[in-house]
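Visitor: What follows is a predicted structure for the sequence shown.
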Amino acid sequence: ATLVPGLTSRWWAEPRLPYRGSTTSGLVAGRAEAEGDSGRQLVFGLTTRCRPMKERRVSERELTLVKEGLESWRQGDFGSIESLLDPGATWRAFEPGEWDCEKRDDILRTLRERHEQGFARGELEVLDGGPDAVIVVSHPRDIGGEDWPEETATVISFRDAKIVAMQDYPTRDEAVAAVS
């Protein structure tokens with residue numbers, strides 16, 4: 001499969017134990033690697049929680065939209081990201097304050113800044129957050145240094161195939177608890 005012109009991708013899965021505080025039976029992690037002129041690079045990580053069949057899950061459409069949005073961010077394609085965001089979309093930091101984004105333009109400005117700072121290079125995990133929600137886990141300290149948190153998790157909420165809200169949490173466990 002071609003992910004980016006000149007790059008080919010491959011997927012693999014590896015079993016993982018449930019993360020701390022999890023009530024799920026385990027994790028399956030998928031990763032995509034791309035090979036091109038510059039060698040191999042991690043494109044993004046995908047993690048899906050195993051859930052009992054009676055629980056509702058996020059749709060494949062939302063998972064696909066998030067993966068495409070993350071790839072657009074990595075490539076600096078902000079037009080594609082804009083089309084995923086509802087005009088009234090919000091992005092809230094884990095503590096209210098200056099980091100909060102009140103509309104789509106604020107979100108795009110912040111994503112541009114983070115792209116310029118190199119955060120788009122970081123490894124990201126995409127988790128099933130339940131109906132109409134996806135969780136993206138990042139490790140900003142790996143790129144930004146000691147002044148940045150070791151881990152953050154963002155719950156992305158959808159309505160009619162558009163992102164309407166993003167809420168940051170300090171850890172994956174807190175984000176998962178918020179949507180459980």
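Guide: Happy to help now that I have it.
Visitor: my guess is residue 175 meets residue 151, correct?
Guide: No - taking CB atoms under 8 Å as the definition, residue 175 is not a contact partner of residue 151, at 9.8 Å. Heads up, the C-betas are built off the backbone N, CA and C, glycines and all.
Visitor: Starting from the longest helix along the chain, tell me the next helix or strand along the chain.
Guide: Using DSSP state H, we find that the single longest helix of the chain is helix 60-75. Counting by DSSP states H and E, the next helix or strand C-terminal to helix 60-75 is helix 78-84.
Visitor: Can you list the strands that the helix or strand harbouring residue 125 pairs with?
Guide: Using DSSP H and E, residue 125 maps to strand 124-128. If you go by DSSP bridges, strand 124-128 pairs up with strand 133-138 (antiparallel).
Visitor: got a list of contacts for the strand it pairs with?
Guide: Applying CB atoms under 8 Å, 6 or more residues apart in numbering, the contact partners of strand 133-138 are 47, 58, 62-63, 66, 70, 119, 122-129, 151-158, 172, 175-176, 179.
Visitor: could you redo the last one with a cut-off of 7 Å?
Guide: 58, 62-63, 66, 122, 124-127, 129, 151-157, 172, 175-176, 179 (CB atoms under 7 Å, 6 or more residues apart in numbering).
Visitor: per-residue confidence at residue 8?
Guide: Here the pLDDT value assigned to residue 8 is 33.
Visitor: burial measure for the nearest residue to residue 80 once chain neighbours are set aside, as a count.
Guide: Leaving aside its sequence neighbours, residue 80 sits nearest to residue 72 (CB to CB, 6 or more residues apart in numbering; 4.0 Å). Using other CB atoms under 10 Å, residue 72 has 19 other residues around it.
Visitor: next one: residue 119
Guide: Neighbour count for residue 119, taken as other CB under 10 Å: 20.
Visitor: So it sits against residue 140, correct?
Guide: Yes - counting by CB atoms under 7 Å, residue 119 does reach residue 140; the two are 6.3 Å apart.
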